[in-house]
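**Student:** below is the sequence, then the predicted model.
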Amino acid sequence: MNPANYLFVSALLFTIGALGVLTRRNSIVIFMCVELMLNAANLAFVTFARIQGNLDGQVIAFFTMVVAACEVVVGLAIIVSIYRSRRSASVDDVNLLKF
Amino acid sequence: MNLYIPILAIGAVGFGFAIFSVLAAALTGPKRYNRARLEAYECGIEPTPQAVGGGHIPIKYFLTAMLFIVFDIEIVFLYPWAVSFDHLGLFGLFEMVIFIATVFVAYAYVWRRGGLEWD
Amino acid sequence: MNFHVPVIQYAEVLPILIVLGAAVLGVLVEAFIPRSLRYVFQVVISLGSILLAFVAVVRLHGTSHVAVEGSVVVDGPTLFLQGTLLLLAIGGVLLIAERGLDTGGSAFTAHAATLPGSEAERTALASGIIQTEVFPLTLFALGGMLLFPAAGDLVTMFVALEVLSLPLYLMSGLARRRRLLSQEAALKYFLLGAFSSAFFLYGSALIYGYAGTVSLSGIREAISSNAGNDLVLLMGVALVTVGLLFKVSAVPFHAWTPDVYQGAPTPVTAFMAACTKVAAFGAILRLFYVGLSGLRWDWRPMLSGVAIVTMVLGVIWALTQTDMKRMLAYSSIAHAGFILTGVVAVNKAGLEGSLFYLAAYGFTTIGAFAIVTLVRDSTGEATHLSQWSGLARRSPLVASTFALFLLAYAGIPLTSGFVAKFAVFAAAYSSGSSALVIVGVLSSAIAAFFYIRVIVLMFFAEPKEDGPTVVVPPIMTTAAITLAASVTLVLGVMPSSVLDLIKSAARFTF
Amino acid sequence: MDSAHALAAGSSSLLVWLIALPALGAAILLLGGRRTDKWGHVLATGLSGGSFVVGIVELIRMLGRSGENRGVSQHLFTWISVGHFNIEAGLLLDQLSICFVLLITGVGTLIHIYSITYMEHDLDRRRFFAYLNFFIAAMLLLVLGNSYLNLYVGWEGVGLASYLLIGFWNQKPVYATAAKKAFVANRVGDFGLSIAIMIAFATFGSVSFDGVAAGAGKLANLNSGALTAMGAMLLLAAAGKSAQFPLQSWLGDAMAGPTPVSALIHAATMVTAGVYLITRSNFVFDRAPTAQLLVVIVGVITLLFGAVIGTAKDDIKKALAASTMSQIGYMILAAGLGPAGYAFAIMHLLTHGFFKAGMFLGAGSVMHGMNDEVDMRRYGALRKFMPATFVTFGLGYLAIIGVPPFSGFYSKDKIIEAAFNAGGARGLIIGSAALLGAAITAFYMTRVMIMTFFGKARWAEGTHPHESGKLMVVPMVILAIGSVGAGALLSIGSSLKNWLEPVVSRGFVEPTPRLSPLLVSTLAIGAVALGVLIAYLKYVRQPIPELAPTDVSIFTRAARRDLYQDAFNESVFMRPGQYLTRSLGFLDRVFIDGAVNGIGALFGGTSVRARRLQTGYVRTYSLFILGGAAILVAAMLAARL
């Protein structure tokens, strides 16, 4: 199969993730969309590794996964704490700071 | 060159798809306020247990999930090392010991600060 | 299979290892040392490790080497920025460690997990617990910052970016007072930071697709030999730039800055505002001067445009602010534009100017926010501008010092800010971007107005009846302010020794 | 005109001492604290005098060299060196700056001496002298700097000294307000100077006088945009510092400071820095006629403006302040006339330095003897009680109104002559304005003289006027001698003009005068006589009421209110500023929020539309990032197309 197709999928995933961040209201879902974007990058890395014929991209994917996991942990901590004080995970409700 | 131009096209398609689906939902879907969309999981399933403390999601759930992710992910580095540890020799061993020790520090922290106690 | 065992030059990455090791040690302290002793341990470990790391940086002086299999480059700019970061971090840690200002003991909530306004929070407050986890977090962030300008490939850069960002997200949410604002700041910073780092990563993937490698020197070679598809490369560069410009808060990736600077505890804001900008600009300089220098005709117009928009909008927004921290945040956006002016010069003068600007800006920022922590009323810091009126009557020394920092921001001669602005504008001028210089000059002239406005307010307005009091600065804050003020003055009056140091340091190795 | 000629031919290692001595004094007095209370004022006076001696030494050396080689410089250190750009901290002493050096240190030292007695009873006398010394150092740096940047440092320094001294008695809120007004007006001016420096840098790549002169000389066309803009900005700077229209309003309020300060800073030296700036920048203005015209206009407006205000002031210091404003208007006018006028601007500046400082000291002496009363309606008949003050003040009076052979006659007459010689309708207009100004000057100064020293005593009860102490009288006498003789000394044989020629009007050929000098002098003396006569009729023939009459003409009322300059400033500067900030906030709310809401509606569907005001900002921010990313990608691709 033409490896370029994987790139198309990756671009699609990235775009969907980015638009998801814009359109969703729930901060957890927004965060999941960001994870989608990271995974799109991972897919691109792996595909390019295949195209370029070296393994760098695959190793990088490992690093990305670990970093993404750490991000999940930190993100969940922040979101849970704000949910507990506001009873809402909606990003529309956090706008005390503005202008 | 030609090989990659479709990336742009696909990007545009993806963008259009997302806009289309949002618009379609807005135009065709029922326009009423839907509480479920503000739920944590947005899929109709109410987080349980419900109502005991006014709808608290038990914090333990999240804590455990987070701990799981942290300690689970270290395997990513252990696996490649295990495959070629004979090539890496003492250097690899040393580095891996440092890595595991560091993760263990995190574990010790969680343990001492009561993160592992269910109540 | 020919297997190459990696070699790690521990001596050359020693500063980073010391700081990260101390951070791990700090975590152990949290786990095993009794609560009452933790504060002392943490402060000693933090300050000690930073000083030790600084000594290590000084001893590395003159090194020019690509270490750790190409991942870390130890050269002049790296060492200069690491030294600057460590000195700034001393100021930041002193502010974070200050216990004499807030009646509650420190600027940080005792238990970040307790609900604002709940019984548990009151209990935690009443027990007089001091938050000490912030110290290892600071050190982790600092470790990432030290690595960021040294990163020799895009993946190391990404990891450094995350290592510096993740602790900062958490630290933003730790304020003892106005916790809802603080939590909101953390959430916004986190969501937007994660969003932008996804762009960085995807851009790295595209560049990797072009060059077949993520190391900056490899990318440089690939560009000079015109290896692959330009479209992929150009898109990749644009996306990577997004991630980096977010960290330096350039328009239009600036939006988080005012909210986070305002909501975060002020000591954290000081640390973050000064150090993140230094580290991130270090990474920008390395990426664009080393990896992408062959592509300069493509990225210069883009960055010039960003610089212009950033300067102009940052200044215009700052004009109407009424909150001190918010005003400083918008001004930090404008300064990002000024530094970008030096970056787009793409010559040695540009590198020198940017490095000097970063040092000057960093110390001024630490000092300015340190003074914000001193002006307080019963509910904590009094950050509304109107509360600052007539401050000079009550505390002429504090007001004069703040005026010094504001004048440095405004770029008045005899302060570091002037030399810094001159250096970047001179670099931009010599590279032929007069338009950029003119915009820069005009916006710094407009900027002078809102800085001067604060000075007028402090010195010539009547004090408010129920205005805030200026706390007599306790020892740690005094030390931080003294450090910042003396550097600001020395860099303004006698910059030549530092300029000479930069001149000898400003050469990238690859 | 040979603009590329270097300003300094030799070097001198003494120059730094000119500045270092008073700077040292300020440092010792400020750091030494109360320990220096006993002898601080003597030290300060001595160091200021030492600086004067250095100035004399330099003058003698300079006289020993030929005209083109008189300028000397001293390199101090390399201040900033980035890439190819170097800014040297260096000093330049040429024929122009030596005039200022001697004026500043000479008059400065006299005023130090005077203040020893004047401030005797003030607890903070030491601090006062520290500020005075600091001012002298900063002012010397201003006139000795060899680049616009060094000048700027001195410029800010004198500004700082000025605020510190205006607000010296800052217990009273009105004084603090005065300091604020001076601060704001000066900020606007400094803004102009910094823009001018930046324009110079962006156009010529240099900020030194030599570099800018060389660069300006190379520009092919007159009136290039950069030079005109730079000239206009320099004029703005000069207007701020020298209290010229439209930034004039602060000078009257600045009189809140101690009187010696008014004499030194707000009459003799600092306020003339604008004239120095324009004269020093002759290489810019000579090639930017439009900017030069602006200078002339500002000068004319201010000289009439100040004179009119002077006619209605009852506060003796404010009357003198208005007169200062008006006299500096003359200087600015002369400087705007180009090479024909620079020398006369400087000449008037020097003579004015003498007679105005002397008159301020006289006013201080009167106040000293009258329990700090400043209202001239409460003076009268003081000539019998304060003879020395009366005589010295009187000589200054004769000098300022331009009675021959007192110094003001020579300098003012030359300016009026040069104005008429500007040619055409323009020359006629500005010449007539200058003549009119001379008449009004004669009127209001005569009024001051009569109300203070003649007529009946209208003192408040319990006032026992007495002559001031020796240390106060001596400086007044010296300044009075200066106001008598300086004009003739500088003017006979065109000595000052020839002296300055290599700096400001090299190669300038004087056109044949359109009006004979004799005619102009006659006109000027006639105008002065007319002014004196009217004042005599009004104030000697009629009794002077102790309270200002209220049933006065609209003109008097306007003049009393400073021709509504505060109201003018309020409506022209403050209001638009406030409006601007307010409308920016408004724009923010309407457009940014509007856009946010629009996007929210587009993406979020109907529910968001219903809750328009609660749009989540995180989403907007991420839209910025996404949009920005799209723009960056487009920009990168566009650069390739």
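**Tutor:** Looks like it came in fine. None of the values given here were measured: they were computed from a predicted structure.
**Student:** ok, residue B:106 - contacts?
**Tutor:** By C-beta atoms under 8 Å, 6 or more residues apart in numbering or on different chains, the contact set of residue B:106 is B:70, C:27. From N, CA and C alone the C-beta is placed, and that goes for glycine too.
**Student:** is it true that it lies in a helix?
**Tutor:** Yes - assessed with DSSP: H, G, I helix; E, B strand; the rest coil, residue B:106 lies in a helix.
**Student:** flag every buried residue along the helix or strand hosting residue B:94.
**Tutor:** Using DSSP states H and E, residue B:94 sits in helix B:85-112. If you call a residue buried by 16 or more other C-beta atoms under 10 Å in any protein chain shown, then helix B:85-112 has these buried ones: B:88, B:92, B:96, B:102, B:103, B:105, B:106, B:107, B:109, B:110.
**Student:** who's in contact with the fourth one?
**Tutor:** Applying C-beta under 8 Å, 6+ apart, one finds that residue B:102 lies in contact with residue C:24.
**Student:** for the helix or strand harbouring residue D:627, name the packing helices and strands.
**Tutor:** According to DSSP H and E, residue D:627 maps onto helix D:617-640. With contacts defined as 3 or more C-beta pairs under 8 Å, 6 or more residues apart in numbering or on different chains; DSSP states H and E, the packing partners of helix D:617-640 are helix A:4-23, helix C:179-211, helix C:230-247, helix C:296-319, helix D:593-604.
**Student:** what comes up buried for it?
**Tutor:** Applying 16+ other C-beta under 10 Å to helix D:617-640 flags D:617-626, D:628-629, D:631-633, D:635-637 as buried.
**Student:** and the residue of chain A nearest chain B?
**Tutor:** For chain A, the residue closest to chain B is residue A:15, as judged by C-beta to the nearest C-beta, at 3.4 Å.
**Student:** count of residues packed around that residue?
**Tutor:** 23 (other C-beta atoms under 10 Å in any protein chain shown).
**Student:** same deal with the one 10 residues further on?
**Tutor:** By other C-beta under 10 Å, the residues close to residue A:25 number 21.
**Student:** helices of the stretch 51-200 of chain D, residue ranges please.
**Tutor:** D:95-118, D:125-144, D:148-166, D:173-204 (DSSP state H, counting those that start in this stretch).
**Student:** and the ones you listed as a markdown table, adding distance to chain C and mean neighbour count?
**Tutor:** Converted to a markdown table, the helices of the stretch 51-200 of chain D look like this (distance: least, C-beta to the nearest C-beta, whole Å; neighbours: other C-beta atoms under 10 Å in any protein chain shown):
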| stretch | distance to chain C | mean neighbour count |
| --- | --- | --- |
| helix D:95-118 | 20 | 25 |
| helix D:125-144 | 11 | 26 |
| helix D:148-166 | 5 | 24 |
| helix D:173-204 | 3 | 21 |
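**Student:** show me the contacts for residue A:58.
**Tutor:** Counting by C-beta under 8 Å, 6+ apart, residue A:58 makes contact with A:45, A:46, A:49.
**Student:** report the mean per-residue pLDDT for the helix holding residue B:94.
**Tutor:** Taken as a whole, helix B:85-112 carries a mean pLDDT of 88.
**Student:** wait, the residue of chain A closest to chain B touches residue B:16, no?
**Tutor:** No - at 9.4 Å, residue A:15 does not count as touching residue B:16 under the criterion of C-beta atoms under 8 Å.
**Student:** residues in contact with the residue nearest the centre of chain A?
**Tutor:** Geometric centre of chain A, nearest residue: residue A:35, 2.1 Å, by C-alpha atoms, centre = their mean. Listed by C-beta under 8 Å, 6+ apart, the contact set of residue A:35 reads A:17, A:68, A:71, A:72.
**Student:** if I look at it, how far off is residue A:70?
**Tutor:** From residue A:35 across to residue A:70, the span is 12 Å (C-beta to C-beta, to the nearest Å).
**Student:** over to residue D:143?
**Tutor:** Residue D:143 is 63 Å from residue A:70, by C-beta to C-beta.
**Student:** repeat for residue C:482
**Tutor:** For residue C:482, the distance to residue A:70 - C-beta to C-beta - is 37 Å.
**Student:** ok, now residue C:427?
**Tutor:** Residue C:427 sits at a distance of 38 Å from residue A:70 (criterion: C-beta to C-beta).
**Student:** those two: which has the busier surroundings?
**Tutor:** residue C:427 (30 against 17).
**Student:** tell me which element that one falls in.
**Tutor:** With DSSP H and E as criterion, residue C:427 is part of helix C:416-430.
**Student:** and that helix, what's its mean pLDDT?
**Tutor:** 88.
**Student:** is chain D contacted by that helix?
**Tutor:** Yes - applying C-beta under 8 Å from any C-beta of the partner chain, one finds helix C:416-430 touching chain D at C:419, C:422, C:423, C:425, C:426, C:427, C:429, C:430.
**Student:** next secondary structure after that helix?
**Tutor:** helix C:434-460.
**Student:** buried ones in that next one, by neighbour count?
**Tutor:** Buried residues in helix C:434-460, counted by 16+ other C-beta under 10 Å: C:436-441, C:443-455, C:457-460.
**Student:** report the buried residues of the helix or strand in which residue D:451 is found.
**Tutor:** Assigned by DSSP H and E, residue D:451 belongs to helix D:424-453. Using 16+ other C-beta under 10 Å as the test for burial, helix D:424-453 gives D:427, D:430-453.
**Student:** just the residues contacting the next helix-or-strand element following it, thanks.
**Tutor:** Using DSSP H and E, the next helix or strand after helix D:424-453 towards the C-terminus is helix D:470-491. Residues from elsewhere that reach helix D:470-491 (C-beta under 8 Å, 6+ apart): D:107, D:110-111, D:113-114, D:116-118, D:347, D:350-351, D:354-355, D:357-358, D:361-362, D:364-365, D:368, D:388-389, D:391-393, D:395-396, D:399, D:405-411, D:414, D:467, D:495-496.
**Student:** which ones among those residues map onto helices?
**Tutor:** Cross-referencing the contacts of helix D:470-491 against helices under DSSP state H gives D:107, D:110-111, D:113-114, D:116-118, D:347, D:350-351, D:354-355, D:357-358, D:361-362, D:364-365, D:368, D:388-389, D:391-393, D:395-396, D:399, D:407-411, D:414, D:495-496.
**Student:** pLDDT weak spots in chain B?
**Tutor:** Chain B contains residues with pLDDT under 70 at B:1-4, B:6-7, B:30-59, B:119.
**Student:** run a quick neighbour tally on the residue of it found nearest chain D.
**Tutor:** Residue nearest to chain D within chain B: residue B:26 (3.7 Å; C-beta to the nearest C-beta). The local packing of residue B:26 (other C-beta under 10 Å) involves 18 other residues.
**Student:** what sits against residue D:49?
**Tutor:** For residue D:49, the contact set (C-beta under 8 Å, 6+ apart) comprises D:105, D:109, D:112.
**Student:** got JSON lines for those residues, with pLDDT and distance to residue C:153 too?
**Tutor:** Below are the contacts of residue D:49 laid out as JSON lines (pLDDT from 0 to 100; distance: C-beta to C-beta, whole Å):
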{"residue": "D:105", "pLDDT": "90", "distance to residue C:153": "64"}
{"residue": "D:109", "pLDDT": "90", "distance to residue C:153": "68"}
{"residue": "D:112", "pLDDT": "88", "distance to residue C:153": "67"}
